[in-house]
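1. I would like to see how this sequence folds:
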Amino acid sequence: MSIPIIQIAVNEVDFIIKYIEDNIAQYKLSELTNKNMGDIPSIVGAHPLALEYGNMLSADEEGNYTSILPAIGVELADDGDNSPQYLGSAYRVEEVTQDFIDSIKTVEMRDRFSEGIIISDSNLNLIQSAKTIKGDNKLYIKSKTYLSNQSVVVSLWSDNWKVTRILYIVMKGILNELKHSISKEGAKNVVLSSQTAIYNYEFHKTLFGSEFNLRFVNTQKDSEIDDSIIEVSKVDESIVGENNVDFIGKGE
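-> A predicted model of the protein is given here:
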C-alpha cells in the first residue's frame, strides 16, 4: 500500500483572501468612496475581469447583467523557473503515530486544502486501517521537503478611477502587513511590487485597474505512507542530506 500526502507551509491564495477579508472592513470603504462601493468589495480567487466577462455573456436581452465590480482578485501566477529546490538528498522516514492521523482527522476535508493538507477522507481511512492492522508493528511515512518560488497576483478593478485609487492605497497597506503574517506561516524572502494605471475597454466603458505581485519561497512536503517498510535501522531527525536513512522492505 502506498498513499500520498501533500503538506504546504502556506496555501497562498486562500491565506491571502482570508487575510484581506479579515482586515479590509475596518477602512470603511463606503465612506471613503462616497458610497460608490460597500465596505467589503468582491474578493475572488480569479482575475476579476474574467468573472466580469462571464457575467456579461449572461446578460439579458437589454444587455443588463450583475457586475462584480469593484473587485479584488487573488490568483497564483507563473514565476518563471519554478523548479523545486530539494532540501537534502534522501527521504526522512518517521513512524506514523495515531496523533498524526488524528491531527488530520480534526480538519474537515473541505477545509484541508485551505490548511495546506492534501489528502482525501478515503485515503485517510486507509491509513487508519493500516495503522490498526499493524498493531504493535510500526507503520512508516517517508517524506521529501523542497522549496519552490511562488508568485501571487492581487488585482483591483472598478469602473471609477477614484475608487481604484483608494482601493490601491488601502490594499498597499494591507499587503505590506500581510508580508509579516505570511512569513510567520513559513513563507521566506517575501517581496511585494505593484503596477498602477492599467485600463480595459472591452466592457463598453473604461475600467481602471492596479495589480500587486507578491513573490516568496514556499515549502512543500511530499509524503508517502508505505506499509512495505517493516524496519528502520537509522532515522535522522532532520531533513537528511548526505546521511542516508536505511529502511528494509518486505522480502529484503
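2. can you give me the strands in this structure?
-> 2-8, 42-44, 71-77, 85-86, 92-95, 117-118, 140-158, 188-200, 207-226, 229-234, 246-249 (DSSP state E).
3. Please dump those into TSV; it should also carry distance to Thr106, mean pLDDT and mean neighbour count for every row.
-> C-beta coordinates here come from the backbone N, C-alpha and C atoms, glycine included. Supplementary listing: these in TSV, determined by distance: least, CB to CB, whole Å; pLDDT from 0 to 100; neighbours: other CB atoms under 10 Å:
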stretch	distance to Thr106	mean pLDDT	mean neighbour count
strand 2-8	15	90	15
strand 42-44	27	96	17
strand 71-77	27	94	20
strand 85-86	30	56	11
strand 92-95	20	84	17
strand 117-118	11	92	17
strand 140-158	18	89	20
strand 188-200	27	94	13
strand 207-226	18	91	19
strand 229-234	26	60	14
strand 246-249	29	40	13
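4. need those in JSON lines with distance to Lys18, can you?
-> Putting the strands of the chain into JSON lines (distance: least, CB to CB, whole Å) gives the following:
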{"stretch": "strand 2-8", "distance to Lys18": "15"}
{"stretch": "strand 42-44", "distance to Lys18": "9"}
{"stretch": "strand 71-77", "distance to Lys18": "10"}
{"stretch": "strand 85-86", "distance to Lys18": "27"}
{"stretch": "strand 92-95", "distance to Lys18": "30"}
{"stretch": "strand 117-118", "distance to Lys18": "16"}
{"stretch": "strand 140-158", "distance to Lys18": "13"}
{"stretch": "strand 188-200", "distance to Lys18": "17"}
{"stretch": "strand 207-226", "distance to Lys18": "14"}
{"stretch": "strand 229-234", "distance to Lys18": "38"}
{"stretch": "strand 246-249", "distance to Lys18": "39"}
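5. distance of the spatially closest residue to Met1 that is not a sequence neighbour from Asn125?
-> On the basis of CB to CB, 6 or more residues apart in numbering, the spatially nearest residue to Met1 that is not a chain neighbour turns out to be Asp227, at 4.6 Å. Distance, Asp227 to Asn125, using CB to CB, to the nearest Å: 14 Å.
6. Looking at those two, which is more packed in?
-> Ranked by neighbour count (other CB atoms under 10 Å), Asp227 and Asn125 place Asp227 first, with 20 against 12.
7. My read is that the more buried one contacts Val96, right?
-> No - between Asp227 and Val96 there is no contact under CB atoms under 8 Å: 9.5 Å.
8. between those two, what contacts are shared?
-> Here Asp227 and Val96 have Leu139, Tyr140 as joint contacts, going by CB atoms under 8 Å, 6 or more residues apart in numbering.
9. so Val93 makes contact with Lys138?
-> No - the criterion here is CB under 8 Å, and Val93 misses it with Lys138 at 10.4 Å.
10. Can you name the residues that contact the residue nearest to Met1?
-> Residues Met1, Ala130, Lys134, Leu139, Tyr140 are the ones in contact with Asp227 under the rule CB under 8 Å, 6+ apart.
11. Dump those residues to JSON lines, plus distance to Asn34.
-> Below are these laid out as JSON lines (distance: CB to CB, whole Å):
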{"residue": "Met1", "distance to Asn34": "62"}
{"residue": "Ala130", "distance to Asn34": "62"}
{"residue": "Lys134", "distance to Asn34": "66"}
{"residue": "Leu139", "distance to Asn34": "62"}
{"residue": "Tyr140", "distance to Asn34": "62"}
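12. Lowest-confidence one in those?
-> Lowest-confidence member of the contacts of Asp227: Met1, scoring 73 (pLDDT).
13. is it true that that residue touches Ile141?
-> No - between Met1 and Ile141 there is no contact, the gap being 11.9 Å when judged by CB under 8 Å.
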